[in-house]
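J.: I would like to see how this sequence folds:
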Amino acid sequence: MKAVLFLLVLLLLSVIPASAADSSRVDGTGSARIDELYSDIESFDVTFYSSQEEENLTLEMSLVKPGVNEKVVSTQEFSTGSFPANTKVTKAGFWNVRNAERGAYTLKAKLLDQGEVLSESEYNFVYGSNSALRLQVDDLVPNSEGIAVVISPKQASLFDIEYMLVDGHDVVYRTKTEKASLTSVPETFSASWGTLLENNKEYSGRVKIKVYSPSRGFISSTENFTARDDAEITDIYEDETGASATVFGRSQVPFEGSLVFTVYKVKEGSGHNSSVLVESARERVPVLLTDDDETVEVAWKERLTEGVYRLEIELTGNDGDLIERRETIIESDLPPANASEVSPDAGRETPDENEGNGIPGFSFTAGILGIFIVFGFIKKLH
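T.: Residues are numbered from 1 along each chain as shown. Predicted structure coming up:
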C-alpha cells in the first residue's frame with residue numbers, strides 16, 4: 001500500500017510543474033503578446049498578436065505618473081473580442097485627463113486571460129515639454145468620406161502618416177501614407193475610409209504621425225464626428241416629356257435616398273410664386289457610396305403642352321431629410337393634344353369624304369400618266 005501511495009505522489013509532482021510552465025506566458029513568451037504600444041496625454045493605441053486564434057482576452061491600460069509616490073492617473077479595461085491567428089490587431093482609447101501636470105508619464109499595458117497575465121509592456125512619454133519634433137498638426141477634419149490633416153514643418157522632414165477610423169476601442173479601418181515630405185509650407189494630407197459606416201453613429205478620426213529625425217518620435221491627433229448619409233445633385237435635364245437628375249455620392253454611409261420631381265404650371269402674367277401643381281413623382285436613388293454616381297429619370301404621365309412650367313427637384317436622404325433642392329424652368333411650345341389631332345387634316349379631303357365628287361384612284365393614275373409623258377418628251381429630244 002505504501003508503495004502505491006509513493007507512486008501516486010511521484011506522479012502528481014511530475015504533472016504539476018509541467019502545467020504551470022504551460023500557463024506562464026508573460027512578456028510574450030507564450031502565444032498572445034503585446035507587439036506595439038503608444039500613448040500621449042490624450043489617447044493611446046495598442047497592437048497585439050497571437051500565433052493561435054484567441055477569444056475575449058482582456059486589455060488593462062494604466063496611465064501612471066512615475067515618481068517616489070507613483071500615481072495612477074487613469075485606467076481602462078476592455079475586451080479584445082475574438083481575433084484570428086497570426087494577425088496583428090490594434091485597439092485604441094482616449095484619456096480624459098483634466099488639468100494634466102507637465103512631466104513624464106508611463107503607459108502600462110497588460111494582456112490577460114481570465115486574470116492571468118499573458119504579456120505586459122510599457123511606453124514612456126513626456127507631456128508639456130518643448131517638442132524637438134520637426135512637425136506640428138494645425139488642423140484635423142474627419143467626416144463621413146474620410147479624413148484630412150494640415151501639417152506644418154518646422155524643418156524639412158520625411159514622415160509616415162497613419163490614418164485610423166475608431167469605433168469605441170476598435171480600429172475598424174486604417175491606412176498609411178509612407179515617406180511623405182514637407183519642406184517649408186503647410187500642406188493638407190488626406191485619406192478616404194475604405195469601409196462602410198453606419199448612419200447617425202459617432203466615430204473618431206485619428207492620425208498618428210511618425211517622424212524619423214532628429215530621432216524617431218510620434219505626434220497624434222483625434223477628432224470625433226457623426227457619420228451621415230450624403231449626396232449631391234450634379235446635373236439635371238428637363239423637357240416637356242420628362243426630367244432626369246444625376247446624383248453623386250459623398251459618404252461611406254450607403255445612400256438610400258430618393259428624388260422627388262414636381263412640376264408646376266406658371267400662370268400667364270403672374271409671378272414666380274403663382275403656379276398650379278401639374279404632377280409629382282418620387283423615384284428611389286440606387287445605393288451610392290463616395291464618388292459613385294447614378295442618373296434617375298422620370299417621364300410625365302402626359303406631355304407638357306404650350307406654356308411655362310417650374311420644375312422642382314428634391315433630394316432626400318435615408319431618414320427622409322431634405323439634402324438638396326434644385327429649381328429650373330421648362331418652356332414648352334407643344335400645342336394641346338386636341339389641336340394637334342385636328343390641324344394636320346384641316347381642309348383636306350380624303351377619298352372616303354369625297355362623296356362621289358372625284359374618281360377613286362384618279363390621283364394615282366394621273367401620276368403614272370405624267371411619268372410616261374415626260375419620258376416620251378425626253379426621248380424625242382434625243
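
J.: Using the record's assignment, carve the chain into domains.
T.: By the assignment in automatic domain parsing, the chain contains the domains 24-127, 135-226, 231-337.

J.: Would you mind putting these into JSON lines with mean pLDDT and mean neighbour count alongside?
T.: Quick note: C-beta positions are derived from backbone N, CA and C, even for glycine. Rendered in JSON lines, the data for the domains of the chain read as follows (pLDDT from 0 to 100; neighbours: other CB atoms under 10 Å):
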{"stretch": "domain 24-127", "mean pLDDT": "90", "mean neighbour count": "16"}
{"stretch": "domain 135-226", "mean pLDDT": "95", "mean neighbour count": "17"}
{"stretch": "domain 231-337", "mean pLDDT": "94", "mean neighbour count": "16"}
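
J.: gap between E240 and E312?
T.: E240 sits at a distance of 16 Å from E312 (criterion: CB to CB, to the nearest Å).

J.: And the residue nearest the centre of the protein?
T.: Residue closest to the mean C-alpha point of the chain, counted by CA atoms, centre = their mean, is Q252 at 1.6 Å.

J.: in what helix or strand does that residue lie?
T.: When secondary structure is defined using DSSP states H and E, no element contains Q252, which sits outside every helix and strand.

J.: from what I can see it touches T290, true?
T.: Yes. Counting by CB atoms under 8 Å, Q252 touches T290, with 5.7 Å between them.

J.: got any residues that touch both of the two?
T.: Contact criterion CB atoms under 8 Å, 6 or more residues apart in numbering; residues shared by Q252 and T290: 145-146, 192-193.

J.: Provide a list of residues in contact with the residue nearest to the centre of the chain.
T.: Contact criterion CB under 8 Å, 6+ apart gives 144-146, 192-193, 195-197, 227, 289-290 as the residues in contact with Q252.

J.: And Y105, by the same measure?
T.: Under the criterion of CB under 8 Å, 6+ apart, the neighbours of Y105 are 39, 41, 63-66, 73, 124-127.

J.: mind running it again at 6 Å?
T.: With contacts defined as CB atoms under 6 Å, 6 or more residues apart in numbering, Y105 is in contact with 125, 127.

J.: Ok, the one 10 residues further on next?
T.: Taking CB under 6 Å, 6+ apart, we find G115 in contact with no residue.

J.: Just send the contacts of Q252 back as a markdown table, with secondary structure and distance to S152 too.
T.: Formatted as a markdown table, those follow (DSSP: H, G, I helix; E, B strand; the rest coil; distance: CB to CB, whole Å):
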| residue | secondary structure | distance to S152 |
| --- | --- | --- |
| S144 | coil | 26 |
| E145 | coil | 24 |
| G146 | strand | 21 |
| S192 | strand | 23 |
| W193 | coil | 25 |
| T195 | coil | 30 |
| L196 | coil | 33 |
| L197 | coil | 29 |
| A227 | coil | 29 |
| L289 | coil | 32 |
| T290 | coil | 28 |
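
J.: In CSV, list those along with distance to V46.
T.: Putting the contacts of Q252 into CSV (distance: CB to CB, whole Å) gives the following:
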residue, distance to V46
S144, 27
E145, 28
G146, 24
S192, 26
W193, 22
T195, 21
L196, 25
L197, 24
A227, 25
L289, 31
T290, 30
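
J.: Closest one of those residues to A85?
T.: Distances from the contacts of Q252 to A85 were compared by CB to CB; the smallest belongs to T195, at 22.4 Å.

J.: Could I get the CA-only coordinates of the helix or strand containing D235 as PDB?
T.: Applying DSSP H and E as the criterion places D235 in strand 231-238. Listed next in PDB are the C-alpha coordinates belonging to strand 231-238 (Å, rounded to 0.1, in the frame of the first residue of the first chain):
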ATOM      1  CA  ALA A 231     -25.000  63.000 -51.700                       C
ATOM      2  CA  GLU A 232     -25.500  65.900 -54.200                       C
ATOM      3  CA  ILE A 233     -27.200  66.600 -57.500                       C
ATOM      4  CA  THR A 234     -24.600  67.300 -60.100                       C
ATOM      5  CA  ASP A 235     -26.600  67.500 -63.300                       C
ATOM      6  CA  ILE A 236     -30.300  67.900 -64.300                       C
ATOM      7  CA  TYR A 237     -32.100  67.700 -67.600                       C
ATOM      8  CA  GLU A 238     -35.800  68.600 -68.300                       C
END
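
J.: Sheet partners, orientation included, of the next helix or strand after it?
T.: Once the chain leaves strand 231-238, the next helix or strand it forms, by DSSP H and E, is strand 242-249. Partner strands and pairing direction for strand 242-249 (DSSP bridges) are strand 231-238 (antiparallel), strand 293-299 (antiparallel).

J.: As a check, name the ranges of all helices in the stretch 101-250 of the chain.
T.: Taking DSSP state H, counting those that start in this stretch as the criterion, the stretch 101-250 of the chain carries no helices.

J.: can you map out the helices along the stretch 251-382 of the chain?
T.: When secondary structure is read from DSSP H, counting those that start in this stretch, the stretch 251-382 of the chain shows helices at 337-342, 362-381.

J.: Distance check, E53 against P84.
T.: E53 sits at a distance of 6 Å from P84 (criterion: CB to CB).

J.: sorry, that was for E77
T.: 23 Å.

J.: And E178, by the same measure?
T.: Following CB to CB, the distance that separates E178 from P84 is 25 Å.

J.: Also L111?
T.: The spacing between L111 and P84, counted by CB to CB, is 16 Å.

J.: likewise N143?
T.: 31 Å.

J.: Over to T195?
T.: The gap separating T195 from P84 is 18 Å, by CB to CB.

J.: One more: V253?
T.: On the measure of CB to CB, V253 and P84 end up 27 Å apart.

J.: The stretch 51-200 of the chain: strands as residue ranges?
T.: Counting by DSSP state E, counting those that start in this stretch, the stretch 51-200 of the chain has strands at residues 54-65, 71-83, 89-94, 103-113, 116-127, 135-142, 146-153, 157-167, 170-182, 187-192.
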